[in-house]
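> Mind folding the following:
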Amino acid sequence: METERPKIGFFKRLSLVWFRLMGAILQLWIRPTVLPAPFEDLELDPDKPICYVIDWYETTSLAILDKVCETLGLPRPRWPMQTEGVSEPRSYLAMRRKTGLIIRRPEVRRHSETLKRFVENVCEDRVDDIQLVPVTILIGRAPDKETGLAKIFFTESWEIGGRFWRFLNSIVNGRNTMVQFSDPISLATMAEEGLGPSRTLRKVSRILRVHFQRQRAAAIGPDLSHRRTVVEQVLRSPSVSTAIEDHARKEKVSRDKAAEAARAHAYEIAANYSYGLVRIVSFLLTWFWNRIYDGVEVRHFRSFKKQAPDYELIYVPCHRSHIDYLLLSYILYHRGFVPPHIAAGLNLNLPILGRVLRKGGAFFLRRSFRSNKLYSAVFHEYIAKIMSNGTAIEYFIEGTRSRTGRLLQPKGGMLSMTVRSYLRTRSRPVMFQPIYIGYEKLAEGKSYIAELSGEKKKKETWGDLLRARRVLKQQFGKVHVSFSEPIFLDDLLDRHDPNWRDSSLDSEEKPSWLTPLVNELGLGIMTGINLATHVNGINLLAVVLLTTRKLALGREELIDQLALYLDLVDQAAYSDRLTRTQRTPEQIIDYGIEMGVIEALENPLGDIIAVKSDQSILLTYFRNNIAHLAAVPSLVTSCFLNTDHMRIRDVRRIALAVYPFLKAELFLPWDYEGFLATVDGCIDWLLKHDLLLQSEDETILRKPEGGTREDLQLRVMGHALLQTFERYYIVVAVLAKNGSGVLSRGELERLCILTAQRISQLNEFAAPEFYDRHQIRQFINLLVETSILRIEDDKLEFNSVLQQINEDSKLVLSEEIRYNILRVAPQVIAEAPL
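A predicted model of the protein is given here:
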């Protein structure tokens, strides 16, 4: 935005020269981070006057702002504001100032006189509008924890030092300066409320004061007590004191010894946030990201940023990699937010490393502590304490990193503690922020393959960290981070207990509605993560090539199929936060070759694109990242893999029968009505692309003629989730072969795993999750929950509904696949020890 410089007098020009000189001196060591980025996100109207609003008047801050505005081509704050109805000597105002030459104290005033004149001019129609642009300028961003000279030199704390200390602070922290522009406030819009000049002035002043307070809180965080102080506060709480007494009585030890045990638990748990370490790690991570990644792309951050200052923030990202721990904190820090306290597994509390992680905001928890009442009480109280302080928290509700690429079923432990802590402390309202993290290559790829192939997970050691140096020699593409729609805890509480605001909750109480609320919250978070999916080129290559028999396609056929999927993502009514790569199909293929996941094989009749032999299993991970997006198209097209035609009502019936299982496994967002509408929309899309044909009476669907391009595209799409349907059929087949009332739940699970493993060994390629115990167990549990199976005397009984599922499978699975499953299942039943 280029602006014309207004005409100014000699003395004003002299003042500007001095100011520019000061800015040039500061520029030698100050390197401000300007937000928002990109700056075009700021909703400025270039045709209306602009006045910058800063919280405190400080010469250094104003000089920094002036230099930033010059760089951005914005009106300069020291320039006069001269427009019709307005004549001011400058284009900025400060909400607060200090007086005194040596001893500087806050000036006592109710509002800015400049702001008063602006409001009066707009309310009395002497000027059409003025845009007030709040600008937060922070030199250093440490929370108010240290004392003495270190606090003055190295922090932008909640108190403002004198001019000399401020100048020294700018020298020390100049390269950690943040200048954050916020969306403008239109005085004309405020005046339209008809409050009159006086009340409008008070309202605007209040809005600005609250805005600056919240912006500083988001960027700096709450005042942090020393770790030792937090521990002592936790130990003195009534709930922990009671737990100490109970522990002493139960274990028959003295109270002092029980208190020492509680103190040891608290020190094992508590973070020890250090702003200095965060700065160092920030520099190192900038180098690290640039070394191994082509960039980190962040989406939908702007909407999150607008809502965040009003809430206690709980970040709940998906868990793909150990990189996740660092990634989100880095993103938030460089976008003006204080890094959250992160729940980390105790396995990461290694010597030296654990201390470093604590100073970065990590607090540690054991994998299970339900039986340890003392530890549980200390941990609950610690969560309540940091929440009441306004500290943002991050945790992974999947409990562990996903080895398959699909979201894992949510664990409710941390969610339950968060809800209970909020109900006890009644601090600021809580906002859960689901976040999708997508990679194009995994640093832990080889270890994931080993674990999926049956090896036990190895315990983390320093040796793992040293071996990780090899990562620096590789390229991992881009990382994609998408912020989904937030979930507000108050809304959930209103639905589950309308009277929750009038009741109190002690540390031991567990209301009947808590478990259903936590379950709904967990599912809502996982569904929200999927709604913010970014589809990258590796995802698309995986979902196409892994469906083919030889994991290969001709280049032209692959280009056609990729183009089809790109259009499918564009037309999908899945979510308005769904995004995709902007590469063309040809560029996606070139990128896949560059990343080393596919290769081009020369052939006289045209190049063949094939998955590299050592990448096939790992590619299933990236296919599974978008399995929820391929679910409905794959389900509909799979109905035509083994039949030429089918009535639309039968397609809808089969889809509805399978939907409860797909919804639970892939966290699909629709209710039954919404799902049927999505199925109908998918059918329309398939008809548009000639992948299905419709009878004249529009009741019957037919697949394209065999051997055509459309027939190939239909088959590739139909095979995307075929192994999921095969896994379902294995459970049904094993039940049917053994009969009703014969197998227990554990026996059925074991037989299904053995059958799936054998089928996998007989096939040319099957993903390791094909025989994943958790997926099979979940399907069995859903059969019980939906009353298709019932338990009598510890045995599973079933009715005719299972037989209908068995019949429908003939439409989706080929005779060869069904024969192999039926043939293998009796062998396993006869030979496997139970």
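
> For the rest of this, base every contact and every neighbour count on C-alpha atoms.
Fine.

> Let me know the pLDDT of the residue nearest to H719 when sequence neighbours are not counted.
Taking C-alpha to C-alpha, 6 or more residues apart in numbering, and ignoring the residues beside it in sequence, H719 has T547 as its nearest neighbour in space, at 5.4 Å. We have a pLDDT of 92 for T547.

> Report whether the expected contact of T547 with Q713 is present.
No - using C-alpha atoms under 8 Å as the test, T547 is too far from Q713 to be in contact (10.9 Å).

> how would you label the residue nearest to H719: helix, strand or coil?
The assignment at T547 comes out as coil when based on DSSP: H, G, I helix; E, B strand; the rest coil.

> From here on, call the first residue 73.
That works, and once the first residue is 73, the last one we named lands at T619.

> tell me the centre residue of this structure?
I507 (1.0 Å; C-alpha atoms, centre = their mean).

> Surely it is in a strand?
Yes - according to three-state DSSP, I507 belongs to a strand.

> How far away from the center of its chain is the longest helix seen in the chain?
Counting residues, the longest helix found in the chain (DSSP state H) is helix 268-292. The chain centroid and the centroid of helix 268-292 are separated by 30 Å, computed with C-alpha atoms, centre = their mean, to the nearest Å.

> Show me the strands in the stretch 673-822 of the chain, by range?
Using DSSP state E, counting those that start in this stretch, the strands of the stretch 673-822 of the chain run over 680-683, 717-719, 765-766, 772-774.

> Look up how far D783 lies from P310.
Distance of P310 to D783, computed by C-alpha to C-alpha, to the nearest Å: 69 Å.

> Looking at the two now, which is surrounded by more residues?
Taking neighbours as other C-alpha atoms under 10 Å, P310 and D783 compare with D783 leading, 17 against 12.

> returning to that earlier point: just the residues contacting the longest helix of the chain, thanks.
For helix 268-292, contacts defined as C-alpha atoms under 8 Å, 6 or more residues apart in numbering pick out 127, 167, 183, 187-188, 191-192, 195, 206, 208, 213-215, 228-229, 262-263, 380-382, 405, 408-410.

> list the buried ones in it?
In terms of neighbour count (16 or more other C-alpha atoms under 10 Å), helix 268-292 has its buried residues at 269, 272-273, 276-277, 280, 283-284, 286-292.

> After it, which helix or strand is next?
Counting by DSSP states H and E, the next helix or strand C-terminal to helix 268-292 is helix 299-308.

> got the CA coordinates for that next one in PDB?
C-alpha atoms of helix 299-308 as PDB (Å, rounded to 0.1, in the frame of the first residue of the first chain):
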ATOM      1  CA  ARG A 299       8.800 -24.200  39.500                       C
ATOM      2  CA  ARG A 300       9.400 -24.600  43.300                       C
ATOM      3  CA  THR A 301       6.600 -22.200  44.100                       C
ATOM      4  CA  VAL A 302       4.200 -24.000  41.800                       C
ATOM      5  CA  VAL A 303       5.100 -27.400  43.400                       C
ATOM      6  CA  GLU A 304       4.500 -26.000  46.900                       C
ATOM      7  CA  GLN A 305       1.200 -24.500  45.900                       C
ATOM      8  CA  VAL A 306       0.200 -27.900  44.500                       C
ATOM      9  CA  LEU A 307       1.200 -29.700  47.700                       C
ATOM     10  CA  ARG A 308      -0.700 -27.200  49.900                       C
END
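
> What is the distance between the helix or strand just after that helix and the centre of its chain?
Downstream of helix 299-308, the next assigned helix or strand under DSSP H and E is helix 310-323. Centroid separation for helix 310-323 versus its chain: 38 Å, with C-alpha atoms, centre = their mean.

> Quick one: list the elements packing against helix 310-323.
Applying 3 or more C-alpha pairs under 8 Å, 6 or more residues apart in numbering; DSSP states H and E, we find helix 310-323 packed against helix 327-341, helix 445-460.

> By mean pLDDT, which helix or strand of this protein comes out lowest?
Ranked by mean pLDDT, DSSP states H and E, the weakest helix or strand in the chain is helix 221-226, scoring a mean of 47.

> before we move on, the earlier item: could the helices and strands packed on helix 310-323 be laid out in TSV, adding mean pLDDT, mean neighbour count and distance to G609?
What follows is these, written out as TSV (pLDDT from 0 to 100; neighbours: other C-alpha atoms under 10 Å; distance: least, C-alpha to C-alpha, whole Å):
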stretch	mean pLDDT	mean neighbour count	distance to G609
helix 327-341	94	18	41
helix 445-460	93	22	40
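
> Columns distance to L815 on top of those, output as CSV?
CSV is the format used below for the helices and strands packed on helix 310-323 (distance: least, C-alpha to C-alpha, whole Å):
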stretch, distance to L815
helix 327-341, 44
helix 445-460, 37
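
> Can you give me the neighbour number for P741?
Using other C-alpha under 10 Å, P741 has 20 neighbouring residues.

> Kindly report the same for I893.
By the criterion of other C-alpha under 10 Å, I893 has 22 neighbours.

> Hmm, it is touching A805, no?
Yes - counting by C-alpha under 8 Å, I893 does reach A805; the two are 7.4 Å apart.

> can you tell me how far H337 sits from Y467?
Here H337 is placed at a distance of 19 Å from Y467 (C-alpha to C-alpha).

> same thing with I386?
Distance from I386 to Y467, counting by C-alpha to C-alpha: 8 Å.

> neighbour-wise, which of those two wins?
Set I386 next to Y467 and count neighbours by other C-alpha under 10 Å: I386 wins out with 24 against 20.

> these two touch, right, that one and V502?
Yes - applying C-alpha under 8 Å as the test, I386 and V502 come out as touching, 7.2 Å apart.

> Out of the helices and strands packed on helix 310-323, the one nearest D648 is which?
With C-alpha to C-alpha as the criterion, D648 lies closest to helix 445-460 of the helices and strands packed on helix 310-323, at 31.5 Å.

> could you give the angle of the closest one to helix 327-341?
50 degrees (axes from the mean of the first three to the mean of the last three C-alpha atoms, to 10 degrees).
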